Each structure stands twice: as C-alpha cells, then as structure tokens.
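Visitor: Let's see this in three dimensions:
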Amino acid sequence: MKDINLEEIKKRLEGRPVGVVGKRKEFAVLIPLVEKDGELRLLFEVRSRDIRQPGDVCFPGGKIEEGETEIQAALRETCEEIGIGEDMIDVLGRFDSVLEVNRIRMHTTVGMLKEGWEDKIKPDAEVAEVFTVPVRFFLENEPDYYRGRIIQDTEGFPYEKHGIDPNYRWRDAWQDIFFWHWEGHTIWGLTAAIVEWMTEVLLQ
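Guide: Got it, this is the predicted structure:
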C-alpha cells in the first residue's frame with residue numbers, strides 16, 4: 001500500500017477548485033429579458049408534446065456539454081431552441097444556481113434580447129410556443145405556494161447486514177413549489193422557483 005504523505009495531500013489541495021461530492025447532471029438556462037410594448041418582460045418557452053415534460057413552461061436551456069462554460073451552454077441552447085444568433089443576446093451576467101433533489105444542478109444566466117428579437121425568433125421542434133410576461137406581473141403578484149414532502153423509498157435497505165437500527169429515522173426532505181398563472185399558461189416548478197428568487201434578489 002502506498003504510504004500516506006501529508007505534504008502530498010496538502011499539495012493536491014492547494015489551488016484545487018472546490019466541487020460537489022457525488023456526480024450531478026449539469027444544466028444551464030438563459031433567463032431572457034426582452035422589451036415589448038414599452039416594458040421589460042421575461043421570455044418563456046412551452047415544451048413540445050414530443051419531448052420529456054411536454055407542455056411545461058421553461059426558460060431556454062439544456063445540458064452542459066464537455067468543455068463548455070455555463071454561459072456558453074445557455075447561449076448555445078437558447079440559439080438552438082428559439083432560432084436566434086448569439087449576436088442578438090446581450091449577456092448581463094451569471095445568476096445563481098439551483099440544486100434539485102434528483103442530483104441536477106441548474107445554472108442560470110441573465111441576458112437581454114436585442115431590438116428586433118420578435119422577427120428573428122424561429123422555435124425548433126422542441127418548442128411549441130414562445131410567450132412573454134411583464135416583469136411587473138411578478139413584482140405585483142405573489143405566487144401560489146405548495147410545500148411538498150419528498151418521501152424516501154428505503155424498502156429493501158440492508159439494515160441488518162450493516163448493523164443499522166431498522167427504526168433509523170431518515171431525514172425528511174421538503175421542496176417548495178411555486179405557481180404563477182398568465183394568460184392560460186402555468187409557470188411552476190423549477191422555472192417558477194428561479195423567477196421567484198430573481199424577483200426577490202434582482203428586481204425589488
């Protein structure tokens with residue numbers, strides 16, 4: 001067995017970027033701001049019926065590919081999904097990331113679509129519809145709110161094999177779920193959580 005060398009451990013820690021224990025799926029979305037009818041709005045997509053989570057309202061985005069930064073992934077996915085070029089997007093900056101209980105980390109970037117964006121948008125097959133909501137709507141209206149308990153399935157857990165008390169009390173997990181309704185669309189789940197946090201942190 002290789003000897004443990006404390007100096008070697010220290011050397012490896014120095015300058016090492018801090019990560020997250022456990023493999024996660026990394027995704028990135030753009031939070032697109034647009035100007036329409038003289039006011040600032042958020043742009044949303046409706047997912048096509050032919051893909052996972054059909055009909056859900058979301059921001060443009062997707063999986064981060066090897067070698068991409070969060071911003072690069074958000075821009076690439078946005079251009080693919082709504083058919084505009086990167087030259088039509090002014091990146092305002094990185095925003096916060098969201099950790100989901102199913103080991104997904106969603107990175108967010110805020111961007112402003114330039115004048116003429118409506119004429120440039122051509123949604124691909126993954127997008128059924130694109131619509132916008134005035135930012136003031138989220139500032140003036142509180143979302144509906146539901147707090148759900150996430151139940152852990154421990155059936156078949158090897159308590160006896162590892163000498164663990166069968167009555168072990170697992171830690172409860174809870175998820176806050178927000179809902180907004182706008183002209184027949186329901187904005188909820190992770191997208192609504194991002195909007196709620198953005199409203200609180202950036203727009204107040």
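Visitor: what residue lies at the spatial centre of the chain?
Guide: Most central in the chain under Cα atoms, centre = their mean is Met106, positioned 3.7 Å from the mean C-alpha point.
Visitor: beta partners of it?
Guide: In this entry, Met106 is beta-bridged to Phe27, Val98, by DSSP bridges.
Visitor: Now the closest residue in space to Phe59 that isn't next to it in sequence. Its backbone dihedrals?
Guide: Closest residue to Phe59 apart from its sequence neighbours, by Cβ to Cβ, 6 or more residues apart in numbering: Val29 at 4.2 Å. Glycine gets a C-beta too; all of them are placed from N, C-alpha and C. The phi/psi pair for Val29 (degrees, to the nearest 10) reads phi -130, psi 160.
Visitor: residues touching Val29, list them.
Guide: Going by Cβ atoms under 8 Å, 6 or more residues apart in numbering, Val29 touches 58-62, 74, 77, 106-109, 194.
Visitor: do you know how far it is from Arg136?
Guide: 22 Å (Cβ to Cβ, to the nearest Å).
Visitor: go on, Glu118?
Guide: For Glu118, the distance to Arg136 - Cβ to Cβ - is 20 Å.
Visitor: Same question for Gly62.
Guide: Following Cβ to Cβ, the distance that separates Gly62 from Arg136 is 29 Å.
Visitor: Okay, now the unreliable bits of this structure?
Guide: Applying pLDDT under 70 to the chain flags the ranges 1-2, 23.
Visitor: Can you show me the strands along it?
Guide: 25-36, 39-47, 57-58, 61-63, 89-99, 104-113, 127-134, 144-150, 173-182, 185-188 (DSSP state E).
Visitor: would you turn the ones you listed into CSV with distance to Glu160?
Guide: Below are the strands of the chain laid out as CSV (distance: least, Cβ to Cβ, whole Å):
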stretch, distance to Glu160
strand 25-36, 33
strand 39-47, 45
strand 57-58, 44
strand 61-63, 40
strand 89-99, 33
strand 104-113, 33
strand 127-134, 51
strand 144-150, 26
strand 173-182, 25
strand 185-188, 42
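Visitor: still on that earlier bit, give me the more crowded residue out of Gly62 and Arg136.
Guide: For Gly62 and Arg136, the more surrounded residue by other Cβ atoms under 10 Å is Gly62, and the numbers stand at 16 against 12.
Visitor: How about that one: what's its closest non-neighbour residue?
Guide: Gly62 sits nearest to Glu77 (Cβ to Cβ, 6+ apart), 4.1 Å away.
Visitor: That neighbour reaches Cys58, doesn't it?
Guide: No: contact between Glu77 and Cys58 fails when scored by Cβ atoms under 8 Å: they sit 10.8 Å apart.
Visitor: out of these two, which sits in the busier spot?
Guide: A side-by-side neighbour count of Glu77 and Cys58, using other Cβ under 10 Å, places Glu77 first with 23 against 18.
Visitor: Now do the contacts for that one.
Guide: Going by Cβ under 8 Å, 6+ apart, Glu77 touches 28-30, 60-62.
Visitor: one more time with 7 Å, if that's ok
Guide: Applying Cβ atoms under 7 Å, 6 or more residues apart in numbering, we find Glu77 in contact with 28, 60-62.
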